[in-house]
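Asker: sequence and predicted model, in that order:
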Amino acid sequence: MDDHNNSGHSRRDFIRRLATWAAASAGLLAGISLLRQFVPRLTQYQKRFKIGRNNNYPFNTFTYLADRQLFVYRDHEGIRAVSAVCTHLGCIIEKSEDGFQCPCHGSCYNKNGEVLSGAATKDLPWYSLHKDPDGQIVVDQGRLVDSSQKLYL
Ligand code: FES
């Protein structure tokens, strides 16, 4: 009889522990998904980086920065930076004679990053630039600007 009661107790204890574990796991998963909502905002602040001095960039040329997946364009007035990531499915675009083209599905953009043809429907984003006190150009991928906006030098 006592053995029967003991096994009933241990079964109830086991079920209670299992329920506690399941509730704790559900709480943990809910907490993780809540934290993930803040990740894009946190990474946005990490999207600021230096790209060197303006004289690293030749005039009237789009210079591709592979590690940052962007093109930097410098003219005699200033400097601008545009994303090199195709707005269709994220392939890296290439410079073409009149602008840019995507090797994946053929999207074409003009030199202002506006879609001309292909699968992409959104223009390429241009990023805000500023000059740090140390003289280096800083790209802020968290702040988008119009394609005509440049950092005047
Ligand atoms: S990823 Fe560029 S056209 Fe599809």
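Answerer: Yep, it's here.
Asker: from now on I want contacts and neighbour counts done on CA atoms only, so please keep to that.
Answerer: Will do.
Asker: which helix or strand in the protein has the lowest average pLDDT?
Answerer: Sorted by mean pLDDT, DSSP states H and E, the helices and strands of the chain end with helix 39-45, the least confident at a mean of 51.
Asker: moving C-terminal of it, what's the next helix or strand?
Answerer: Sequence-wise, the next helix or strand downstream of helix 39-45 (DSSP states H and E) is strand 48-50.
Asker: could you say what helices and strands that next one packs with?
Answerer: Packing partners of strand 48-50 (3 or more CA pairs under 8 Å, 6 or more residues apart in numbering; DSSP states H and E): strand 137-145.
Asker: show residues contacting the strand it packs on.
Answerer: Strand 137-145 is contacted from outside by 44-45, 47-54, 81, 125-132, using CA atoms under 8 Å, 6 or more residues apart in numbering.
Asker: buried among the residues you listed? Need that as a selection in ChimeraX.
Answerer: The buried residues among the contacts of strand 137-145 can be selected in ChimeraX (16 or more other CA atoms under 10 Å) with this line:
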select :48,54,81,125,126,127,128,129,130,131
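Asker: what about the helices in this structure?
Answerer: For the chain, the helices defined by DSSP state H occupy 2-36, 39-45.
Asker: which one of those has the lowest average pLDDT?
Answerer: Ranked by mean pLDDT, the helices of the chain bottom out at helix 39-45, with a mean of 51.
Asker: spell out which residues of this structure are next to the ligand.
Answerer: With CA under 6 Å from any ligand atom as the criterion, the chain comes near the ligand at residues C86, H88, L89, G90, C91, C102, C104, H105, G106, S107, A119, A120.
Asker: lovely, talk soon.
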